[in-house]
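1. Structure for the following, please:
(one chain, ligands or ions: 1)
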Amino acid sequence: MTDGIPAAPGTDTWFREGPDGFGFVLLAGRCTSCGALSFPPRPVPGCPDPGCDGLEQRPHPLSTTGTLWSYTDARYVPPPPYPRPPDTEFSPYALAAVELTAEQMIVLGQVAPDVPTSGLRVGMAMELVPGVLVSGEGVAERVWNWRPAA
Ligand SMILES: [Zn+2]
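-> Residues are numbered from 1 along each chain as shown. Reported below is the predicted structural model:
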């Protein structure tokens, strides 16, 4: 990560990032036997297709654009044990479900914090961008965000 922000714990194999955020992409697991995709990548050997005996998966870059399939407006503070940075006010945020046409899959993610929910419409084009989440310990962690496509 070029800006020194580490991936959120447990997600370091879920995306890769080039210089200055160029080339930021989510990485699915792709079954080497049948090509089935899973995101996040499966943490244990095995194919997400119950009809496949494949055990190995390889990283597979997903499309970085898609269509807003659905979204929700999170206006309430999640209860513990949801981590929250100390001494901060809760800021409402939106969660997006974005359909990737080529992969025929839906990927969830937080909407970039500068995008108001009023600016979202089902069916609009969305793009993947690097995002930052602040942990319960106040540490910046790299995540992905969705935002309306430029
Ligand atoms: Zn398979």
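
2. For the chain, what lies in contact range of the ion?
-> Within the chain, the positions near the ion by C-beta under 5 Å from the ion are 31, 33-34, 36, 47, 49, 52, 54. All C-beta atoms are positioned from the backbone trio N, CA, C, and that covers glycine.

3. how about these in CSV, adding neighbour count, pLDDT and secondary structure?
-> Listed next are the residues of the chain next to the ion as CSV, based on neighbours: other C-beta atoms under 10 Å; pLDDT from 0 to 100; DSSP: H, G, I helix; E, B strand; the rest coil:
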residue, neighbour count, pLDDT, secondary structure
Cys31, 22, 97, strand
Ser33, 14, 97, coil
Cys34, 13, 97, coil
Ala36, 17, 96, coil
Cys47, 22, 96, coil
Asp49, 15, 95, coil
Cys52, 14, 97, coil
Gly54, 17, 96, coil
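
4. and whatever helix or strand Ala97 lives in, which residues are buried?
-> Assigned by DSSP states H and E, Ala97 belongs to strand 93-100. Using 16 or more other C-beta atoms under 10 Å as the test for burial, strand 93-100 gives 93-94, 96-100.

5. now stretch 26-39
-> Those would be 26-31, 36-39, for stretch 26-39 by 16+ other C-beta under 10 Å.

6. Same list (the buried residues of strand 93-100) but as CSV, adding pLDDT.
-> Shown next, in CSV, are these (pLDDT from 0 to 100):
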residue, pLDDT
Tyr93, 90
Ala94, 95
Ala96, 97
Ala97, 98
Val98, 98
Glu99, 98
Leu100, 97
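
7. Identify, from these, the entry nearest to the ion.
-> Leu100 (18.7 Å; C-beta to the ion).

8. so that closest one makes contact with Pro61?
-> No: the pair Leu100 / Pro61 is not scored as a contact, 11.1 Å apart, by C-beta atoms under 8 Å.

9. ok so, going back, out of the buried residues of stretch 26-39, who's nearest Val143?
-> Leu26 (10.6 Å; C-beta to C-beta).

10. for the helix or strand containing that closest one, packing partners?
-> Per DSSP H and E, Leu26 falls inside strand 25-31. Other elements packing on strand 25-31 under the criterion 3 or more C-beta pairs under 8 Å, 6 or more residues apart in numbering; DSSP states H and E are strand 15-16, strand 37-38, strand 57-61.
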